[in-house]
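K.L.:
sharing a sequence plus its predicted fold:
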Amino acid sequence: MPTVLAILAEGFEEIEATAPIDLLRRAGVEVTVAGLGDGIHVTGRSGLTMHADTPLNAVLARKFDCLFLPGGPGVVHLRADPRVRELVLRYHAAGRWLAAICAAPTVLHDAGLLAGRRYTAHFSVANELPAILAGERVVEDGSLLTSRGAGTAIDFGLLLVAKLVSPAKAQEVAQSVCA
């Protein structure tokens, strides 16, 4: 069974986190939701508080098939945390999947991983990401998967299912949710 580590920081975009996590779990993927802080309750940009499975520190040594970074205003916390940068670099070096949506591709940029790559992100960070493919809903470039924002979260979640499980499973899950 494929495994995903999703990191939630205070101010995360709820749709961008919950839609992919839900779709991945429907496909049988083991998703571990880790709170960036010391606790397991993380409040998103719209005031919804999610109950993470664990604090990030408790799973830093575990290996997952994919690292998933939701966007939203909380990305500022992801960018400022050296543990997140180290995880991004470790997953990249190991050829594991890196998935980032909305403003979260800036975390990949900060780690030096976007140069010469195809990616998309939210228009609000376009000034930091000069090669952004702003018209694309989701972009795949090797093991790097990016998406534009909350409105593309289901497309993104289905892309993750297709890559981690199979295109057939992604189609099955899409049909089950009327996507």
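P.N.:
That came in fine, so what should we check first? Numbering: from 1, shown residues only.
K.L.:
all strands of the protein, in order?
P.N.:
Here the chain has its strands, by DSSP state E, at 3-8, 30-35, 41-43, 49-51, 54-55, 66-69, 97-101, 138-141, 144-147.
K.L.:
what is the rounded mean pLDDT of the fifth one?
P.N.:
Going back to what we said before, that points to strand 54-55. Mean pLDDT, strand 54-55: 98.
K.L.:
again, but for the fourth one
P.N.:
For strand 49-51, the per-residue pLDDT values average out at 97.
K.L.:
who does that strand pair up with?
P.N.:
Here strand 49-51 has these sheet partners by DSSP bridges: strand 41-43 (antiparallel).
K.L.:
what does the partner strand contact?
P.N.:
With Cβ atoms under 8 Å, 6 or more residues apart in numbering as the test, strand 41-43 has contacts from Leu8, Ala9, Glu10, Gly11, Phe12, Gly35, Leu36, Thr49, Met50, His51, Ala52. Placement of C-beta: from N, CA and C, glycine included.
K.L.:
that one: which residues count as buried?
P.N.:
For strand 41-43, burial by neighbour count (16 or more other Cβ atoms under 10 Å) applies to Val42.
K.L.:
next: stretch 57-76.
P.N.:
Result for stretch 57-76 [16+ other Cβ under 10 Å]: buried residues 59, 64-75.
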